[in-house]
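**Student:** The following block contains a protein sequence and its predicted model.
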Amino acid sequence: MTAAKASAKSAKPATPKSALIQFSAKAIEPIKQATDCLVVASYEGVKLSPSASAINSADAQQLETLLKREGFQGKAGQSLLLLNPQGIAAERLLVLGFGATKDGHVSADNYRRAVQKIADALRPTTCTDITLALAEVSVEQQNTEWQARLVAESLSLLDYRADKLKSKPADVSLKLKKVVFGATKAQTAGATKGLQVGQAIAKGVNLARELGDLPGNICTPTYLASEAKRLATKQAKLSVNILEEKQLKELGMGSFLSVAAGSDQPAKLIVLEYKGGNKKQAPVALVGKGITFDTGGISLKPGAAMDEMKYDMCGAASVLGTFQTLLDLQLPINVVGVIAATENMPNGSATKPGDIVTSMSGQTIEILNTDAEGRLVLCDALTYTERFKPKTVVDIATLTGACVIALGNHATGLFSNNDDLAKALLKAGEESADRAWQMPLWDDYQKQLDSNFADIANIGGREAGSVTAACFLSRFAKKFAWAHLDIAGTAWRSGGAKGATGRPVGLLVQYLLNQV
């Protein structure tokens, strides 16, 4: 280890955060509503919603004529923007297709698909305020609160900018500032609550995206610690404790420290305690992998796409994003966050393949590959989490490329030693459209981790790499109900649309909401 580890500076993005969109719910008369754009619904076969029908009648059936002329069929995800519509006060009219109806209802997927088209349709315009006449759309097994929440969540994601470090950030193409969710008086209270929840979730997702997209020279372990402290500012329910390397050594976290050995940046164990519930209520614990840059260590990664290893802290980012939403919603629940933050770098002090280290649990680990480092920091973090006597523990990590091969970028890999916890997380994923897929955690795989020289090896060969990684972690999670979310395929996108997704903040928040 270097004689003195560098003290990281808390650099900040170069440009300020954009202003949040303002949401409100109120009763409206669509024809008289003065707005830059009025959004109405149509169903497959050009079946107009009540608001769209009223507009059609006010303009001598011209709306229906225009829709048919333009080939608009009302399929889910279709949209048609009309300028200077006649007979109404709005400057523009956006007609969204919600697809086929069944007994008067549309599917939740079709509603989501339609709402996500709003931003694309309005991007070329100068709209600053819009009004949505969408509460009248009936969605299978969902209420107005859910509908409004989805609108706020979808549109609030536009508040995030990925180009804050450019000297001249691009002009914002959609300048939306105000959204009115039109509803009946009876629906207004539910819609208002939904808007608040959706905006809070998006704020957490956006924080996770921002942290993920920051480069490794800015988003260091020290920076993550400062972000945790920032969240706790003037928050009576949240406390933050940062454990330094000296304390980690005293705790016996030899596995965690073996990953930090080659870096000049000091490792941090970031501990957040949100106390919103009864004092006797056992907390839910969220444990995040925070490798702020992963070179692979001595087992050096190939150079191609290594820049994307700044995303190896997205598990930590999702924990901080979830806490952001917790604070905004002030949920009546107790939640602990534990983030193991370090770089994985090669130097003369770095851990070598074949080295054996002792974890906080006392189990010894033969490190066959220093690029399998996430499990080495998480195992000590899981052991540390025991002291909180948690109700459940969920760790979140960009852990294995094998999970990307297995599931692609659509589903997060879910492993668990508790069926009830697994089912609750899968349910939360479906409800939030931030889905996971359960993978096996059978004892049959454990033998792949056998070592001749230590209690356990840190890799189990090429076969079932995501499973053996989870099996490794399971040996440190025997004292509580535990689940592992492998987000290597879902935490960021590569290629031309490169950027952090903020997943699985939506899943985690929905899981917590379901516990309240």
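**Tutor:** Structure's in. What do you need? Residues are numbered from 1 along each chain as shown.
**Student:** Distance check, the residue nearest to residue 91 when sequence neighbours are not counted against residue 171.
**Tutor:** Using Cβ to Cβ, 6 or more residues apart in numbering and skipping the chain neighbours, the partner closest in space to residue 91 is residue 36 (5.4 Å). Just so you know, the C-beta spots here come from the backbone N, C-alpha and C atoms, and that holds for glycine as well. Distance of residue 36 to residue 171, given as Cβ to Cβ, to the nearest Å: 18 Å.
**Student:** same check, this time on residue 433
**Tutor:** Distance from residue 433 to residue 171, by Cβ to Cβ: 30 Å.
**Student:** The two - which one has more neighbours?
**Tutor:** Just comparing residue 433 and residue 171: by other Cβ atoms under 10 Å the higher neighbour count belongs to residue 433, 14 against 6.
**Student:** pLDDT value on the residue lying farthest from the centre of the chain, please?
**Tutor:** Most distant from the centre of the chain: residue 60, at 46.7 Å, with distances by Cα atoms, centre = their mean. The per-residue pLDDT reported for residue 60 equals 73.
**Student:** Can you tell me the SS state at it?
**Tutor:** Put simply, residue 60 is coil when judged by DSSP: H, G, I helix; E, B strand; the rest coil.
**Student:** what's the spacing between it and residue 127?
**Tutor:** From residue 60 to residue 127 the distance is 26 Å (Cβ to Cβ).
**Student:** now residue 256
**Tutor:** 50 Å.
**Student:** who has more neighbours, those two?
**Tutor:** The residue with more neighbours, out of residue 256 and residue 127, is residue 256; 29 against 21, by other Cβ under 10 Å.
**Student:** What helices and strands are in contact with the strand or helix carrying the more buried one?
**Tutor:** For residue 256, the host element (DSSP states H and E) is helix 254-260. On a contact count with 3 or more Cβ pairs under 8 Å, 6 or more residues apart in numbering; DSSP states H and E, helix 254-260 meets helix 245-250, strand 334-344, strand 356-358, helix 374-385.
**Student:** need the ones you listed in CSV with mean neighbour count and mean pLDDT, can you?
**Tutor:** Putting the helices and strands packed on helix 254-260 into CSV (neighbours: other Cβ atoms under 10 Å; pLDDT from 0 to 100) gives the following:
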stretch, mean neighbour count, mean pLDDT
helix 245-250, 14, 98
strand 334-344, 28, 98
strand 356-358, 18, 98
helix 374-385, 27, 98
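**Student:** is it possible to export those to CSV including distance to residue 511?
**Tutor:** Formatted as CSV, the helices and strands packed on helix 254-260 follow (distance: least, Cβ to Cβ, whole Å):
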stretch, distance to residue 511
helix 245-250, 29
strand 334-344, 10
strand 356-358, 33
helix 374-385, 17
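**Student:** and of these, who's closest to residue 477?
**Tutor:** Closest approach to residue 477 among the helices and strands packed on helix 254-260 is made by helix 374-385 (5.3 Å; Cβ to Cβ).
**Student:** For the closest one, list the C-alpha coordinates in PDB.
**Tutor:** Extracted in PDB, the C-alpha atoms of helix 374-385 (Å, rounded to 0.1, in the frame of the first residue of the first chain):
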ATOM      1  CA  GLY A 374     -17.100  -6.800  -6.100                       C
ATOM      2  CA  ARG A 375     -17.800  -9.900  -4.100                       C
ATOM      3  CA  LEU A 376     -14.700  -9.200  -2.000                       C
ATOM      4  CA  VAL A 377     -16.000  -5.800  -0.800                       C
ATOM      5  CA  LEU A 378     -19.700  -6.900  -0.500                       C
ATOM      6  CA  CYS A 379     -18.900  -9.900   1.700                       C
ATOM      7  CA  ASP A 380     -17.500  -7.700   4.400                       C
ATOM      8  CA  ALA A 381     -20.300  -5.200   4.000                       C
ATOM      9  CA  LEU A 382     -22.800  -8.000   4.400                       C
ATOM     10  CA  THR A 383     -21.100  -9.100   7.600                       C
ATOM     11  CA  TYR A 384     -21.100  -5.600   8.900                       C
ATOM     12  CA  THR A 385     -24.800  -5.300   8.200                       C
END
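**Student:** What is that helix packed up against?
**Tutor:** Using 3+ Cβ pairs under 8 Å, 6+ apart: helix 374-385 touches helix 254-260, strand 268-275, strand 284-294, strand 334-344, strand 392-397, helix 465-474.
**Student:** nearest to residue 308, of the ones you listed?
**Tutor:** Closest among those, using Cβ to Cβ: strand 284-294, at 9.6 Å.
**Student:** Pairing partners for the closest one, with directions?
**Tutor:** Its sheet considered, strand 284-294 pairs with strand 334-344 (parallel), strand 392-397 (parallel) by DSSP bridges.
**Student:** tell me the angle of the last one relative to helix 374-385?
**Tutor:** Direction vectors for strand 392-397 and helix 374-385, defined by axes from the mean of the first three to the mean of the last three Cα atoms, to 10 degrees, enclose an angle of 150 degrees.
**Student:** Find out how far strand 392-397 is from the centre of the chain, if you would.
**Tutor:** In terms of Cα atoms, centre = their mean, to the nearest Å, the centre of strand 392-397 is set 14 Å apart from its chain centre.
**Student:** From here on, call the first residue 53.
**Tutor:** Shifting the count to begin at 53 puts that one at strand 444-449.
**Student:** After that strand, heading C-terminal, what element do we hit next?
**Tutor:** helix 453-459.
**Student:** Now that next one: buried residues?
**Tutor:** Using 16 or more other Cβ atoms under 10 Å as the test for burial, helix 453-459 gives 454-456, 458-459.
**Student:** Repeat that for stretch 522-530.
**Tutor:** Within stretch 522-530, the residues that count as buried by 16+ other Cβ under 10 Å are 522-529.
**Student:** so how far is it from its chain's centroid?
**Tutor:** Worked out by Cα atoms, centre = their mean, stretch 522-530 lies 24 Å from the chain centre.
**Student:** State the mean pLDDT of that stretch.
**Tutor:** The pLDDT scores in stretch 522-530 average 98.
**Student:** Quick one: end-to-end length of it, please.
**Tutor:** 13 Å (Cα to Cα, to the nearest Å).
**Student:** cool, and stretch 494-514?
**Tutor:** Stretch 494-514: ends 17 Å apart by Cα to Cα.
**Student:** what does that stretch contact?
**Tutor:** Identification of contacts with stretch 494-514 by Cβ atoms under 8 Å, 6 or more residues apart in numbering yields 408, 415-421, 424, 427-428, 515-517, 519-521, 523-524, 527.
**Student:** swap the cut-off to 6 Å and go again
**Tutor:** Residues from elsewhere that reach stretch 494-514 (Cβ atoms under 6 Å, 6 or more residues apart in numbering): 408, 415-421, 424, 516, 519-520, 523-524.
**Student:** of those residues, buried ones?
**Tutor:** Listed as buried from these are 408, 415-420, 424, 516, 519-520, 523-524; burial here means 16+ other Cβ under 10 Å.
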